[in-house]
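> any chance you could fold what I've pasted below:
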Amino acid sequence: MVILSEGWFQFIIIGISIALLAVTLVIVHRSIQKKGVYTKARERTSSFLVFITVLTLYFVMSVFTPSAYGGDVLIASDREQRVENEQVRYIHLSSAFRVHAIDTRDYTRDIQGRTVDFRIQSFQPLYELAEKDEAYVRSDGTINVSAYIDNVVLSAFEQLQAEEVTLTQVRESFPHIEMSIE
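The predicted structure follows:
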């Protein structure tokens, strides 16, 4: 996964667009001259069409490259990284998921009259869950951590209430979550 600040990302795609525009204009103008159908009108028309094509490619690259914001967590198959900058763009060859900054907070749930606090220490185990079950992935490619807590972690606490497992077993099954019961 390659992570670039917004400024570097824009600088790179503008550079690529300018280089692509220059190379394409040279190729198109040479091909017009070789065919022997060279006129100023054809040169202007072809230049305009090349410019519009390159401009469209710039906007496509800009719009379809995913972005993340300060406090978000990016999760790939081999690593997780917290975004420190205000805005970054990330490019990945395999699937990558993002956790919104607001979803990285502590979660509190009431279970049998007791308050249980959940603090996720590592988001990497959520990658495998999101790969297997798309129910935890929102339409924008972010992981719904609240649904994970409610559906997966709390179901383990239901087994605890039914005395099928012990609290130690629940904590061992979720080593990436720090749990405190009040």
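> okay, now residue 23: neighbour count?
By the measure other CB atoms under 10 Å, the count of residues near residue 23 is 12. In short, each C-beta sits where N, CA and C put it, glycine included.
> packing partners for the helix or strand of the chain with the lowest mean pLDDT?
Ranked by mean pLDDT, DSSP states H and E, the weakest helix or strand in the chain is helix 154-161, scoring a mean of 79. If contacts are counted by 3 or more CB pairs under 8 Å, 6 or more residues apart in numbering; DSSP states H and E, helix 154-161 sits against strand 107-111, helix 167-173.
> would you format those as CSV with mean neighbour count, distance to residue 18 and mean pLDDT included?
Converted to CSV, the helices and strands packed on helix 154-161 look like this (neighbours: other CB atoms under 10 Å; distance: least, CB to CB, whole Å; pLDDT from 0 to 100):
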stretch, mean neighbour count, distance to residue 18, mean pLDDT
strand 107-111, 13, 48, 85
helix 167-173, 12, 54, 83
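> distance to residue 44 for these - can I get that in JSON lines?
Shown next, in JSON lines, are these (distance: least, CB to CB, whole Å):
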{"stretch": "strand 107-111", "distance to residue 44": "61"}
{"stretch": "helix 167-173", "distance to residue 44": "68"}
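> out of the ones you listed, which comes closest to residue 58?
With CB to CB, the closest approach to residue 58 among the helices and strands packed on helix 154-161 belongs to strand 107-111: 41.0 Å.
> tell me which helix or strand comes right after the closest one.
strand 114-120 (DSSP states H and E).
> show me what that following strand is packed against.
Packing contacts for strand 114-120, counted by 3+ CB pairs under 8 Å, 6+ apart, involve strand 107-111, strand 177-181.
> just so I know, which of these lies nearest residue 159?
Among those, strand 107-111 sits nearest to residue 159 (CB to CB), with 11.8 Å.
> can you tell me the strand partners of the closest one and which way each runs?
In the sheet, strand 107-111 lines up against strand 114-120 (antiparallel) (DSSP bridges).
> with just CA atoms, put the strand it pairs with into CSV.
Backbone C-alpha positions of strand 114-120 (Å, rounded to 0.1, in the frame of the first residue of the first chain) are rendered in CSV as follows:
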residue,chain,number,x,y,z
ARG,A,114,-22.7,-4.1,34.1
THR,A,115,-20.9,-1.6,31.9
VAL,A,116,-18.3,-3.1,29.6
ASP,A,117,-15.7,-0.9,28.0
PHE,A,118,-14.0,-2.1,24.7
ARG,A,119,-10.8,-0.5,23.4
ILE,A,120,-9.5,-1.9,20.2
